[in-house]
Structures are given as structure tokens and as C-alpha cells.
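Student: Coordinates for the following, if possible.
(2 chains)
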Amino acid sequence: MKKVAIVGAGQSRYGEFPEKGIKELFFEAYSDMSKSVDKNFDPKAIEAAYIGNLGSGGFQLGNMSALVAEYVGLSYIPTMRIENACASGGYALVAAIMDVLSGTHKVALAGGVEKMTDVSGLKQKYWLGVSGDTEYERLAGTTFAGLYALIAHRHMHEFGTKREQLSMVAVKNHKNGAQNPKAQFQREITLEQAVKSPIVAYPLNLFDCCSTTDGASAVLVCDEEVAKKYTDTPIYVAGFGTSSDYLAIHDRVNTTTLEGTRKASERAYSMAGLGPNDIQAAEVHDCFTIAELLAYEDLGFCKKGEAGKFLEEGHTQIGGDKPVNASGGLKSKGHPIGSTGTGQAYEMFNQLRGTVQKPARQVKGAEIGLIHNVGGSGGTVEVTIMRR
Amino acid sequence: MAHVSIPMYWRTIPQRYSLVGYKCKKCGSVNFPPKGVCKYCSASSEFEEVKLSGRGKVHTFVLISAGGAPPEFAEQEKAGGQYPVAIVQLEEGPKVIGQIADINPKDVKIDMPVTTELRKIYTEEGVIRYGFKFVPAGK
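Tutor: A predicted model of the protein is given here:
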């Protein structure tokens, strides 16, 4: 099979930027991407663009991919907005990969952008509820915190997972994010702070939840034939997989497994000819702390039910044998919905090339990495395996 | 907006008022809420309507606190404090989601038996929305 390479990746700062809209945020990411291409970067070589986005803060719901593309100088090329809730960016990446694999184009841009802080907190919750099961879950009085809390509570009941272990995910990811100059929250937190933060949806408290974030990211995907024109160290796409699942948790056979993650990762591992043991660094979708623990299990890093212990034993710290979310994860880096998937690709591109901004965050010697992006409470999932 | 519009709500009244389930004519499993194609056998889209008992056990639950409630439920949280939402495993097989009423949130337990009752859910667009809530069994 043809090989696909990533030769450039960029990310805007993640955070709250009243002075920037989706166009400006995307331009920041695109410029950063263009500077990351070692040689011969040429905007005219970009033949298509796939942009992950959920709602643009309600500002540009239609035709937003054409808008952000023309703003950065990419006119008259095919552009497409990809919407799969919080997995929009991951699916945009896969769309660009499939485009190049098909032979339709040699160079394609995958990106994502979200503007979340233009609207009030109240409207925010209206808007963010749209990716779960509106008819039943919403009418029972839940938002996403409530849905992930239902999963967390059952996980605690079935496997003895401790509330403190949820907080330990937050502590780890904030420690990593403190070393990420592009993260929304660049500060460490203590276990005590995390455990004692106000309850949002028991068993989840404030520090179990990621925030709302403005941000964008962009990744340059190309055919391996042309990759060396742009860099001597391309990062290759070893495999990818995606899967849907029932939107409503009550429709799922198993409450404590994201079947979408299992299916998507099985497909990615199979395409890459690799398994969970081969993964040396991972960026997983920790929109809530329980989601990171589910990812350890459903990606096959540890056995079902043992994620809490796996975390406590330090495997997923930087320096452990399976470092997860060295970027700070969604928890500390921020979660600008449409950008999160391609933002993970940006981090992994740099991890595998040894070019993250601060040495404390670098996973030393990593050659094979996995990224994992989840939409809603698991209704859509994307997994991509990258290798040096 | 994630609000449930009046027509959208109206379309689900048989489920909300009377817990109407849809028994697959091919495999006999009960789908609730309804699906176009049976989610258990994926081989039939013919169903017989059956009324569910509403009896079941709490499979998992959450206590929604300030900040965790959708705007249309914020008033309920403000007036009454945190409220429990559960996924309940019904006797007939399906799992359903709903609030638990008539109980101190601190007393809700996984595996506790519940029944369902028709209750007011909330008011939106000037219309009171009714639907099922769970209550402790034997009360």
C-alpha cells in the first residue's frame, strides 16, 4: 500500500482570545505549520483542505472551510468541513490521509478550529449538549459531565476504581501541561486541590472536567513520493481506524467500555501491523478524567478495570513505559473541539521528531505514537498511529 | 441549540407517557427507545408495541450539581439542590435514562429497585414537558 507522510504541523495557542475569531486562530495554526516544514514549503502545492469544526461559536455554521482556507491564501481548492463533534479534527485528519491514499491528491491539509468563548456560559451549555443523545439523555437533565459521570460511577462500582485515581489523571496532565507553552492552563495542581474541587456531577468534580477553549491546528499530509522534498524526517502514518457507537449510553451493551475506541484502535493496529505494546507515546481524549482511564483499557494499554492501578503505578507518566498526554491533554492544554484531533497530531509529530518546545515534556526516543480522538461520549472515535 | 422542540418532544410522547417499547417480530427483543432496525438482530424493522413495566434496577447514577445542569434544568437544581439521574436496567431488558424522584440524593444506590411514574420534567417554550421519572420501589 501507498504510504502517507506528515511533513508539517502547527498549532495556535490554546486559551481564551477575545481578539481572535476562527479565521485568525486558523491563520495562527497555519502559519505555525508552514514554518515547521523544513524546506520548499509552497502553499500552491496544497491541493485540498479538510477542516474539523463543530460550531464556530455560532458565527459561521455554513461554508466555514472555504472561509478559513481563503483567509490563509488557499483559494480555489476543494475544502470540506468535517463535523463529528469533539472528534471532528481526528476525522479531518483521516479524510486527508484517505484523500492522499486514494491518489486523488498528493498534498492535503488537515486542520481544525473552534471558537468557544464568544458566547455566554449558559449558551455554551445549550450548544455543547448537541453532540449527545438529545431526545433522552438531555431530557433527563444531563450535560456531558453528567454522562461521563454515569460511566465513571459504573466503573467505580464494577472495578473498584477510586475517586482519587480520577484526580490523579488531572494532576498528571497539569504537570505535563505546565511545560507546554501553547497550553491553556500552564500550571501544576496538587492532588488535594483536585480531590477537593467543587462537585459538578458526582462522582466528577470541577478538576475532572476540561474547559472551553479557543484554538486551531493544522497538519500537512502528503504522499511519501513527495515527502522528502519537504523534509528529511517525515513522520509516517502507520495505520488509522475510526468507528461509531450508539450515541446514548443507555443503548450500549457495556457502560464501562467505549466500543468505538476498541473498534477504531483494532483497525489502526491491524493496518499498522502493530499492537498496544508497540506504542511508545500516546495522546488520548481526556475530556473528563474518567475518559483517560477508559482509553488505557480500550486501547489495550492495560486490562479492563485496571486503569486506575495502571495510572498509580506510573506507567503513563513521562518517563514511564507508556507516556500518555505529554502535551497536558485536553485537561490542561485545552479542548477547542474541532481542533483537538489535529492538535494531537501536532503534538505527536513533534514528539516523534524530538522537537517539543521544552525538554521536560519530550518523550525520549519515541518512534511510534498513537493519537485518540473521541466525539461526544463515544459516538465517534478516531485513532491514528504515527511512526518516525 | 440542544433544547427539545415541541414537535420533537411530541413525536416521543408514547415513550415518555406510557413507556411503549418495540418488540422485534424476528428475534423477540424489546427496543426502547425505538430504532428503525432492531438493534439486537439487525435483521428486522417490524415491531410489536408492548407496554414496559417500568420496574427495574439502578445500573448507574450521577448527582447533578450546580454547573453540571443544562440551562433548562438549572432552575430545578437551584431550587432543590443536586438531583439524581440514573440509567435503569428494566425487567424487560432495555436500559433507560431518567431522573430519580422522591429520594434524598445521598440515599441513591447502584442496584436499588425502582419503578417509573409520570412526572413533570420541566417547562420550555411555555409548555410543561411531562415524562417518566424513577421512584424507589415499594414506596
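
Student: Can you show me the strands along chain B?
Tutor: Taking DSSP state E, the strands of chain B run over residues B:20-24, B:30-31, B:47-51, B:56-64, B:83-90, B:95-99, B:113-124, B:127-136.

Student: do the same with the stretch 251-388 of chain A
Tutor: For the stretch 251-388 of chain A, applying DSSP state E, counting those that start in this stretch gives strands covering A:281-283, A:368-375, A:380-387.

Student: Out of these, flag the one nearest B:Val50.
Tutor: Go through the strands of the stretch 251-388 of chain A one by one with CB to CB and the one that ends up closest to B:Val50 is strand A:380-387, at 31.8 Å. All C-beta spots, glycine's among them, are computed from the backbone N, C-alpha and C.

Student: Tell me which other helices or strands that closest one touches.
Tutor: Contact here means 3 or more CB pairs under 8 Å, 6 or more residues apart in numbering or on different chains; DSSP states H and E; on that basis strand A:380-387 packs against helix A:88-102, strand A:235-244, helix A:259-272, helix A:340-353, strand A:368-375.

Student: Next, format these as CSV and append mean neighbour count and distance to A:Cys287.
Tutor: Supplementary listing: these in CSV, determined by neighbours: other CB atoms under 10 Å in any protein chain shown; distance: least, CB to CB, whole Å:
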stretch, mean neighbour count, distance to A:Cys287
helix A:88-102, 26, 13
strand A:235-244, 21, 17
helix A:259-272, 21, 13
helix A:340-353, 29, 8
strand A:368-375, 29, 7
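
Student: Pipe the ones you listed into CSV and attach mean pLDDT and distance to chain B per row.
Tutor: Listed next are the helices and strands packed on strand A:380-387 as CSV, based on pLDDT from 0 to 100; distance: least, CB to the nearest CB, whole Å:
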stretch, mean pLDDT, distance to chain B
helix A:88-102, 98, 17
strand A:235-244, 98, 13
helix A:259-272, 98, 13
helix A:340-353, 98, 20
strand A:368-375, 98, 15
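
Student: what about those, which gets the closest to A:Lys333?
Tutor: Distances from A:Lys333 to each of those were compared using CB to CB; the shortest belongs to helix A:340-353, at 7.4 Å.

Student: Would you mind listing what in chain B touches chain A?
Tutor: When proximity is defined by CB under 8 Å from any CB of the partner chain, chain B lies next to chain A at B:1-4, B:8-9, B:12, B:33, B:39, B:59-71, B:73-74, B:76, B:82-83, B:85, B:87, B:94-99, B:110, B:121-122, B:129, B:131.

Student: One more pass at 7 Å, please.
Tutor: Within reach of chain A by CB under 7 Å from any CB of the partner chain, chain B has these residues: B:1-4, B:8, B:12, B:33, B:39, B:59-65, B:67-71, B:73, B:83, B:85, B:87, B:95-99, B:110, B:121, B:131.

Student: before we move on, the earlier item: now render the strands of the stretch 251-388 of chain A as JSON lines, adding distance to A:Gln184.
Tutor: Putting the strands of the stretch 251-388 of chain A into JSON lines (distance: least, CB to CB, whole Å) gives the following:
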{"stretch": "strand A:281-283", "distance to A:Gln184": "15"}
{"stretch": "strand A:368-375", "distance to A:Gln184": "18"}
{"stretch": "strand A:380-387", "distance to A:Gln184": "22"}
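
Student: any idea which element A:Ile51 lies in?
Tutor: Element membership for A:Ile51, per DSSP states H and E: strand A:48-52.

Student: Please report the distance of A:Ala92 from A:Tyr269.
Tutor: 22 Å (CB to CB, to the nearest Å).

Student: Ok, A:Tyr346 next?
Tutor: Going from A:Tyr346 to A:Tyr269 by CB to CB gives 22 Å.

Student: quick one: least confident helix or strand in chain A?
Tutor: Here the helix or strand of chain A ranked lowest by mean pLDDT, DSSP states H and E is helix A:121-128, holding a mean of 70.

Student: Can you name the element that comes right after that one?
Tutor: Once the chain leaves helix A:121-128, the following helix or strand, as judged by DSSP H and E, is helix A:144-159.

Student: Now do the following helix or strand past that following helix against helix A:144-159, angle only.
Tutor: Sequence order places helix A:163-177 as the next helix or strand after helix A:144-159, per DSSP H and E. An angle of 120 degrees separates the directions of helix A:163-177 and helix A:144-159 when computed by axes from the mean of the first three to the mean of the last three CA atoms, to 10 degrees.

Student: Now tell me what touches the helix or strand just after helix A:163-177 from outside.
Tutor: Heading C-terminal from helix A:163-177, the first helix or strand you meet, by DSSP H and E, is helix A:191-196. Defining contact as CB atoms under 7 Å, 6 or more residues apart in numbering or on different chains, one finds that helix A:191-196 is touched by A:Glu164, A:Ser167, A:Met168, A:Ala170, A:Val171, A:Phe207.
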